[in-house]
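> What shape does this take:
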Amino acid sequence: MPVLNERAYLQRAVETVLEQDVDGPVEIVLALGPSSDGTTELARELSAQDERILLVENPAADIPVGLNAAIRASTHPTIVRVDAHSELAPGYTARALATLSRTRAGNVGGVMRADGRTPFQRAVARAYNSRIGLGGGTYHGGDREGEAESAYLGVMRRSVLEEVGLFDETIRRGEDWELNLRIRTAGYRVWFDPALAVTYWPRESWQRLAQQFLATGTWRGELVRRYGLRNSLRYFAPPALVLAVAVSAILGTLQVSGVLAGAWAAMASAAHLPVAAYALLILCVAIGPAGGSGLRDRLWTLAVLPTMHLSWGAGFLVGLVRGARDTVDTSRLAGRNTPLP
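Below is the predicted model of the structure:
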């Protein structure tokens, strides 16, 4: 478990790991980044109370670096990746181990079930769980067991991880997708089991949500630079939206200023149709059953979906053009989240 500024979530995340009913020895290795909210102190308290909790340092705060450090410090043949912002459902590990054995896969994952405690966080959670929000990835709402492109978190065979070289430490976001690509290329299956569920708590502020998706999109652009069309076509939808909005804004300005008039203005109006259709779609989601049960939930849904899509799409274009370079997810580096109402 890589950990950075997660004091509000860490204890419960660790508890759900240690509560797993597993027929065999268990340990949890926390890779501690340079937290500023008391997370490190809490982790040390938890470790002092339970010898199964091991601590390793991750001074660079990069997720793949922390994951590799934790894997190297661990001792058992199966690696269960967990997140400090998540909670494992009862029976998760036992079910995953059984599925791993039954399918002989290299990696097994299940469903990310995002949840929220405030209207804003619930709106983000609904977006995560929706095909419209994150593009319909299998682990965001799939219900059919089978081979998959990637796995959320993942329960992995140590031997397979060591064979493919662990996580790529040059990739700061999307490292799980890239690892699963290498696992599949090596001839192993990545398996999705919808009976496996992990509760995920999204970012709690609008600014940090935008920062998170900007960084994630930038690294996806980098992954497209590296791996081309081995990336799913669904990743190209948000940057296409950003370009459509930009074209619509430019042509709209030229129309209003009179630079485009007559037949040229009429033809340019067609460029507004994709943006108008997108706006209508978001409005329908916000006012429909998927938008939430209260006015504040629906208003946040109306704001959250474009924030996610446009931030991710803008980041993708930056990463595609110049590469991700040293882009970091600054939403993780800040201190304690301030929940929005």
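
> Please make it C-alpha for all contacts and neighbour counts, starting now.
OK.

> Can you name the element that comes right after the helix or strand hosting Thr99?
Assigned by DSSP states H and E, Thr99 falls within helix 92-103. Helices and strands here follow DSSP H and E; after helix 92-103, the next one along the chain is strand 107-114.

> Could you name the helices and strands sitting against the helix or strand following that following strand?
Downstream of strand 107-114, the next assigned helix or strand under DSSP H and E is helix 119-129. Counting contacts by 3 or more Cα pairs under 8 Å, 6 or more residues apart in numbering; DSSP states H and E, helix 119-129 packs against strand 107-114, helix 131-134, helix 295-322.

> In terms of mean pLDDT, which of these ranks lowest?
Mean pLDDT is lowest for helix 131-134 among the helices and strands packed on helix 119-129, at a mean of 84.

> And the helix holding Thr99, what does it pack against?
Helices and strands touching helix 92-103, by 3+ Cα pairs under 8 Å, 6+ apart, are strand 107-114, strand 155-157, strand 190-200.

> what's the burial count for the closest residue to Met112 other than its chain neighbours?
Spatial nearest neighbour of Met112, chain neighbours left out: Val198 (5.2 Å); criterion: Cα to Cα, 6 or more residues apart in numbering. Residues contacting Val198 under the criterion other Cα atoms under 10 Å number 21.

> quick one, strands of this structure?
2-3, 28-32, 53-57, 78-80, 86-88, 107-114, 146-147, 155-157, 190-200 (DSSP state E).

> just to revisit the earlier point, quick check: which of the helices and strands packed on helix 119-129 is nearest to Ser205?
Minimum separation from Ser205 across the helices and strands packed on helix 119-129 (Cα to Cα) falls at helix 295-322, 10.3 Å.

> Can you read off the pLDDT for Ser293?
The model reports Ser293 with a pLDDT of 81.

> residues contacting Leu223?
Residues near Leu223 by Cα atoms under 8 Å, 6 or more residues apart in numbering: Gly174, Glu178, Asn231.

> between these, which is nearest Arg332?
Nearest to Arg332 among the contacts of Leu223 is Gly174, at 15.1 Å by Cα to Cα.

> dump the residue contacts of the closest one.
Counted by Cα under 8 Å, 6+ apart, Gly174 has contacts Thr216, Trp219, Arg220, Leu223.

> Do you know the pLDDT at it?
Per-residue confidence (pLDDT) for Gly174: 94.

> And it, how far from Leu166?
For Gly174, the distance to Leu166 (Cα to Cα, to the nearest Å) stands at 14 Å.

> now swap in Val82 and tell me
Val82 sits 16 Å away from Leu166, going by Cα to Cα.

> Name the residue in the two with the higher neighbour count.
Val82 (23 against 20).

> rewinding a little: which among the contacts of Leu223 gets closest to Val242?
Nearest to Val242 among the contacts of Leu223 is Asn231, at 18.9 Å by Cα to Cα.

> didn't the residue nearest to Met112 look like it was pressed against Pro90?
No - contact status for Val198 versus Pro90: not in contact, 9.5 Å apart, counting by Cα atoms under 8 Å.
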